[in-house]
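S.K.: model this:
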Amino acid sequence: MQIYTETLTNSLSVKLPQELVTLLQIEPGDTVVFQVSASHALISGLELAATDALAPGNDAFSEWASDADKEAYRTL
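M.R.: From the prediction side, this is the model:
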């Protein structure tokens, strides 16, 4: 596992290291996703995060998992 560190600016911005940008295959204008658990965060490009969010056991969309929601969306 590679660890990258950067300093947070006064405007709460962080410049991503070029190696990380290349690894995540992101470019200006892309969406970056932060998956937060307790005091830790994982960063990924949108395509990677969308795949992880749908993985079994992930509760990323649990707010839409009620029986009423399932019934409402079953024909979509």
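
S.K.: beta partners for the spatially most central residue of the chain?
M.R.: The centroid of the chain falls nearest to Val33 when counting by CA atoms, centre = their mean (2.9 Å). Val33 forms beta bridges with Ser44, as assigned by DSSP bridges.

S.K.: correct me, but it touches Gly45?
M.R.: Yes. In terms of CB atoms under 8 Å, Val33 counts as a neighbour of Gly45; the distance is 7.4 Å. (Glycine included, C-beta is placed from N, CA and C.)

S.K.: For this protein, give me the ranges with low pLDDT.
M.R.: 46-65, 76 (pLDDT under 70).

S.K.: Show me the helices in the chain, by range?
M.R.: Here the chain has its helices, by DSSP state H, at 18-24, 46-53, 67-73.

S.K.: Roughly how far does the closest residue to Gln35 other than its chain neighbours sit from Thr22?
M.R.: Spatially, and ignoring its direct neighbours in sequence, Gln35 is nearest to Leu42 (4.5 Å; CB to CB, 6 or more residues apart in numbering). From Leu42 over to Thr22 the distance is 18 Å, taken as CB to CB, to the nearest Å.

S.K.: before we move on, what about Val32?
M.R.: For Val32, the distance to Thr22 - CB to CB - is 14 Å.

S.K.: again, but for Ile3
M.R.: From Ile3 to Thr22 the distance is 16 Å (CB to CB).

S.K.: who's more crowded, the two?
M.R.: Thr22 (11 against 4; other CB atoms under 10 Å).

S.K.: What are the contacting residues of stretch 4-16?
M.R.: 17, 19-20, 26 (CB atoms under 8 Å, 6 or more residues apart in numbering).

S.K.: try 7 Å
M.R.: 17, 20 (CB atoms under 7 Å, 6 or more residues apart in numbering).

S.K.: Just the CA atoms of that stretch, as PDB, please.
M.R.: What follows is stretch 4-16 as a C-alpha-only set of coordinates in PDB (Å, rounded to 0.1, in the frame of the first residue of the first chain):
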ATOM      1  CA  TYR A   4       0.500   9.900   0.100                       C
ATOM      2  CA  THR A   5       0.500  13.100   2.300                       C
ATOM      3  CA  GLU A   6      -0.400  16.600   1.400                       C
ATOM      4  CA  THR A   7      -1.000  19.800   3.400                       C
ATOM      5  CA  LEU A   8      -4.500  21.200   3.700                       C
ATOM      6  CA  THR A   9      -4.600  24.900   2.500                       C
ATOM      7  CA  ASN A  10      -6.400  27.700   4.300                       C
ATOM      8  CA  SER A  11      -9.200  27.300   1.700                       C
ATOM      9  CA  LEU A  12      -9.500  23.600   2.700                       C
ATOM     10  CA  SER A  13      -8.100  22.400  -0.600                       C
ATOM     11  CA  VAL A  14      -5.600  19.600  -1.200                       C
ATOM     12  CA  LYS A  15      -3.500  19.200  -4.300                       C
ATOM     13  CA  LEU A  16      -3.500  15.600  -5.300                       C
END
